[in-house]
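Undergrad: The amino acid sequence is not available; the structure is as follows:
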């Protein structure tokens, strides 16, 4: 099957600086000359800052922030007590069915996917929120079901499997709780991977080796390690200045900050955006990206979930291999970076989890976490049957 396509570029992704390095290691930090007083030996030091003075709300409206917040936060489909999507309007269903024609269901197309993967090695990459767990009002309660956990555990027995999340690595591990997997937190800026990683990063201050929970040595790669104090300062500042906005929640993901506005009245979204906007004025080395009812603040480095997929493939010894089929399953705009890598590399499949039409670089779609679980179970059955037929 020819994986190339003429689909238009997605409108979901945020631009990142171009870089010649395929993996984008420590040297890819953008050129920046910090004030001498704020830096010592290349390390960021917190310095007293003036209290943020909110600007005019026209600032965020003129810059398109509020429009982007609305565009990245479509209404969530209602679930009944059995966690099944309730019926929607005929117009909405018609639009979705038309969209699925362009991005077919990975379940309906399962035979096509496995025919392409026959005789090859599958590597599986999974987002967490909205993919393995349902989207919930409180991000601290985004728990996956025991049935989903069992499905992920089983699929990891047959295929190398990694979770790549915007959450901190520790937080997503706490949610998933499986030692069989590899974890990449903070949109891939905090990666736990095998020790078979390329020697190109050995000796880097962003790369350490330690004994994991399985008793095996693993590598920890953190390309944005120098930003940790800066992220901490921004997080504390935003916690303080958003506490008067009902429903606003700030989450420190170690290498990025998430400002959730899911529980904020939509009339107050511009206020949230303005406070984040004014805070970022003080930190030119940080940038904003939009997620589903969340504003994400990240270091300005050439690194994202797509780079994390490339890095993990290399660390697993699966890069530049014609017999490898990477499959990435995710639901958010940050996952588009990974979909783009697979599409442009003419290798593997991106699968977007969405119950509403979205422009995407993925090849296939799944409606919700229940369909993701069904897809994972199907992969296990297919592998078991393939193995049995070869014996």
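TA: Happy to help now that I have it. Note that this is a predicted model, so its numbers are computed, not measured.
Undergrad: can we go C-alpha only for contacts and neighbour counts from here?
TA: Will do.
Undergrad: okay, now residue 140: neighbour count?
TA: 10 (other Cα atoms under 10 Å).
Undergrad: Let me know the distance separating it from residue 368.
TA: 20 Å (Cα to Cα, to the nearest Å).
Undergrad: quick one: low-confidence parts of the chain?
TA: Within the chain, the stretches with pLDDT under 70 are 1-58, 60-63, 73-91, 195-217.
Undergrad: Which residue ranges of it form helices?
TA: Along the chain, the segments classed as helices by DSSP state H run 58-62, 65-71, 90-102, 110-117, 146-158, 169-176, 228-242, 269-280, 305-315, 336-344, 369-390.
Undergrad: tell me what the third one is packed against?
TA: With contacts defined as 3 or more Cα pairs under 8 Å, 6 or more residues apart in numbering; DSSP states H and E, there are no secondary structure elements packing on helix 90-102.
Undergrad: domains for the chain, by residue range?
TA: 90-195+208-222+303-389, 227-299 (the TED database).
Undergrad: can you redo the helices of the chain as a markdown table with distance to residue 248?
TA: Shown next, in a markdown table, are these (distance: least, Cα to Cα, whole Å):
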| stretch | distance to residue 248 |
| --- | --- |
| helix 58-62 | 17 |
| helix 65-71 | 14 |
| helix 90-102 | 30 |
| helix 110-117 | 40 |
| helix 146-158 | 29 |
| helix 169-176 | 20 |
| helix 228-242 | 7 |
| helix 269-280 | 8 |
| helix 305-315 | 26 |
| helix 336-344 | 26 |
| helix 369-390 | 25 |
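Undergrad: Adding mean neighbour count, write those out as CSV.
TA: Below are those laid out as CSV (neighbours: other Cα atoms under 10 Å):
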stretch, mean neighbour count
helix 58-62, 15
helix 65-71, 18
helix 90-102, 13
helix 110-117, 14
helix 146-158, 17
helix 169-176, 19
helix 228-242, 18
helix 269-280, 20
helix 305-315, 23
helix 336-344, 22
helix 369-390, 16
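Undergrad: Indicate which one of these is closest to residue 288.
TA: Nearest to residue 288, of all those, is helix 269-280, at 8.2 Å by Cα to Cα.
Undergrad: between that closest one and helix 228-242, how many degrees?
TA: Put simply, helix 269-280 runs at 140 degrees to helix 228-242, going by axes from the mean of the first three to the mean of the last three Cα atoms, to 10 degrees.
Undergrad: Counting by contacts, list what helix 269-280 packs against.
TA: Packing partners of helix 269-280 (3+ Cα pairs under 8 Å, 6+ apart): helix 58-62, helix 65-71, helix 228-242.
Undergrad: Mind putting those helices into CSV with distance to residue 221?
TA: Output for these, formatted as CSV (distance: least, Cα to Cα, whole Å):
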stretch, distance to residue 221
helix 58-62, 35
helix 65-71, 31
helix 228-242, 14
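Undergrad: who's in contact with the residue most central in space within the chain?
TA: Nearest to the geometric centre of the chain sits residue 165, at 4.3 Å (Cα atoms, centre = their mean). Applying Cα atoms under 8 Å, 6 or more residues apart in numbering, we find residue 165 in contact with 127-129, 172, 184-188.
Undergrad: is the nearest residue to residue 100 once chain neighbours are set aside in a bridge, and if so with what?
TA: Spatial nearest neighbour of residue 100, excluding adjacent residues (Cα to Cα, 6 or more residues apart in numbering): residue 365 at 7.2 Å. Residue 365 has these beta-bridge partners by DSSP bridges: residue 105, residue 352.
Undergrad: What count of nearby residues applies to residue 365?
TA: Residues lying near residue 365 (other Cα under 10 Å) number 29.
Undergrad: these two touch, right, it and residue 99?
TA: No - shown here, residue 365 and residue 99 do not form a contact pair, counting by Cα atoms under 8 Å, at 9.5 Å.
Undergrad: quick one on the thing from earlier: of the helices and strands packed on helix 269-280, which is nearest residue 376?
TA: Between these, helix 65-71 lies closest to residue 376; by Cα to Cα that is 29.7 Å.
Undergrad: Show the contacting residues for residue 163.
TA: For residue 163, the contacting residues are 125-128, 181-184, by Cα under 8 Å, 6+ apart.
Undergrad: at 6 Å what do you get?
TA: Residues near residue 163 by Cα atoms under 6 Å, 6 or more residues apart in numbering: 125-127, 183.
Undergrad: Out of those, which comes closest to residue 263?
TA: residue 127 (22.2 Å).
Undergrad: can you give me phi and psi for that closest one?
TA: Backbone geometry at residue 127, expressed as degrees, to the nearest 10, gives phi -70, psi 170.
Undergrad: List the residues that contact it.
TA: Residue 127 sits in contact with 163-165, 330, where contact means Cα under 6 Å, 6+ apart.
Undergrad: would you turn those into a markdown table with distance to residue 321?
TA: Shown next, in a markdown table, are these (distance: Cα to Cα, whole Å):
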| residue | distance to residue 321 |
| --- | --- |
| 163 | 21 |
| 164 | 21 |
| 165 | 25 |
| 330 | 23 |
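Undergrad: Could you tell me which of these are located in strands?
TA: 163-164, 330 (DSSP state E).
Undergrad: rewinding a little: check the contacts of residue 165 and tell me the two furthest apart.
TA: 129 and 188, at 14.7 Å, using Cα to Cα across these.
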